[in-house]
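>>> starting from these lines, generate the structure:
(one chain, ligands or ions: 1)
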Amino acid sequence: MKIVETARELSDLSRSMRQSGQKIALVPTMGALHGGHRSLIHVAQQHAEFVIVSIFVNRLQFNIEEDFATYPVTLEDDIAICRSSGVSALYMPSSESMYPESFATSVEVSGLTARFEGASRPGHFSGVTTVVTKLVTASAPDIAIFGQKDFQQFAVLRKLMTDLDIPVDMVMAPTIREEDGLALSSRNVRLNKDSRRRAVSISQGLFHSLSLFQSGVRDTHELVEPVRQICSDEIKNIDYIAIVDAQTLEDVSEAHAGDVLLFAGTLDGIRLIDNIIFCA
Ligand code: AMP
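Just a heads-up that it's a prediction; the model follows:
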């Protein structure tokens, strides 16, 4: 596995792989790798011969300084996971090389970023879209893999690639969960025992709603309220529970297969998001 630290090295490497006929996939991450990331790598390997993983804790997308300062960093383990997963190249730029003092550009997607994570975390999506534009420009992949776990992020990034005519196929990989249903997340290590126990109510609520949908319930209120009931005893700070169209992220009054139930809440200062896509 090659480890590269500058955008120039990455684009040189990507160019030579393309010239040798290899298809290139990019898996952007902020490190503290877990089973969710490993599954994105696996999906990438099914689509491309040359898989690039990036690890960069992107300060620009943190709207709370403390969240950035306490974000878990496990570089040695991450490198070992990438090696054992058969990753072709690992891109680990420093903050200085990504954002030198003279850095003055930001990439913004309007509309899709106005609600949900965008409303609750001002500046978050412009940080995401700016860094992903840089990562995709440097690596010039054929495809990029992102997790369903961050559903709004995927919708925003897909819009970015379309609007800027960036020729990258966007692939969404399913959410990987703990045995009890909690979606894997790098931030989960910050949950204490009590919060960890409470957090499971999120997936319980979401899957209960999915089973209501599968038994024929379509009314949004009837699909959302049970989630609120299941979660509200455990999670005092629910930010949003909403059912939206998967492309526009606009509310629907009747749920259809393919619509998404989005959840965000905070437990002991730790923001947790999750979602499910309704299916028959
Ligand atoms: P992060 O390192 O948290 O920025 O996430 C990097 C990528 O991994 C994003 O595309 C996330 O959506 C994805 N991801 C995070 N958690 C999971 C999970 N539990 N299952 C699948 N993908 C995930």
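>>> ok, the residue lying closest to Asp169 once chain neighbours are set aside to Val43 distance?
Nearest residue to Asp169 in three dimensions, chain neighbours excluded: Ile143, at 4.2 Å (Cβ to Cβ, 6 or more residues apart in numbering). All C-beta atoms are positioned from the backbone trio N, CA, C, and that covers glycine. In this structure, Ile143 and Val43 are 9 Å apart, going by Cβ to Cβ, to the nearest Å.
>>> tell me which of the two has more neighbours.
Val43 (21 against 18; other Cβ atoms under 10 Å).
>>> surely the more buried one touches Ala144?
No - the pair Val43 / Ala144 is not scored as a contact, 10.8 Å apart, by Cβ atoms under 8 Å.
>>> mind listing the shared neighbours of these two?
Shared contacts of Val43 and Ala144, defined by Cβ atoms under 8 Å, 6 or more residues apart in numbering, comprise Val171.
>>> thinking again about what came up before, what do Ile143 and Val43 both touch?
Counting by Cβ under 8 Å, 6+ apart, the shared contacts of Ile143 and Val43 are Val171.
>>> next, the residue in the stretch 101-250 of the chain positioned nearest to the ligand: phi, psi?
Across the stretch 101-250 of the chain, the shortest distance to the ligand (Cβ to the nearest ligand atom) belongs to Gly147, at 2.3 Å. Dihedral angles of Gly147 (phi, psi; degrees, to the nearest 10) stand at phi -90, psi 140.
>>> so for it, what's the pLDDT?
On pLDDT, Gly147 comes in at 98.
>>> repeat that for Asp268.
On pLDDT, Asp268 comes in at 89.
>>> quick check: residues of the stretch 1-150 of the chain near the ligand?
Those residues of the stretch 1-150 of the chain that sit near the ligand, judged by Cβ under 6 Å from any ligand atom, are 29-30, 36-37, 39-40, 146-147, 149-150.
>>> switch to 5 Å and redo it
29-30, 36, 146-147, 149-150 (Cβ under 5 Å from any ligand atom).
>>> how about the helices of the stretch 1-150 of the chain, start to end?
Under the criterion DSSP state H, counting those that start in this stretch, the stretch 1-150 of the chain contains helices at 7-19, 35-47, 65-69, 75-84, 95-98, 117-120, 124-139.
>>> what's the most buried one of those helices?
Compared across these, helix 124-139 shows the largest average neighbour count, a mean of 21 (mean count of other Cβ atoms under 10 Å).
>>> and for stretch 52-61, what's in contact with it?
10, 14, 24-31, 33, 37, 41, 68, 71, 73, 75, 78, 82, 87-93, 95, 98-99, 123-128, 130-131, 135, 139, 141.
>>> same deal with stretch 190-205?
By Cβ under 8 Å, 6+ apart, the residues outside stretch 190-205 that reach it are 70, 72, 177, 180-183, 188, 226-231, 233-235, 241, 263, 265, 267-268, 270, 272, 274.
>>> next, the buried residues of that stretch.
190-191, 195-196, 198-199, 201-205 (16 or more other Cβ atoms under 10 Å).
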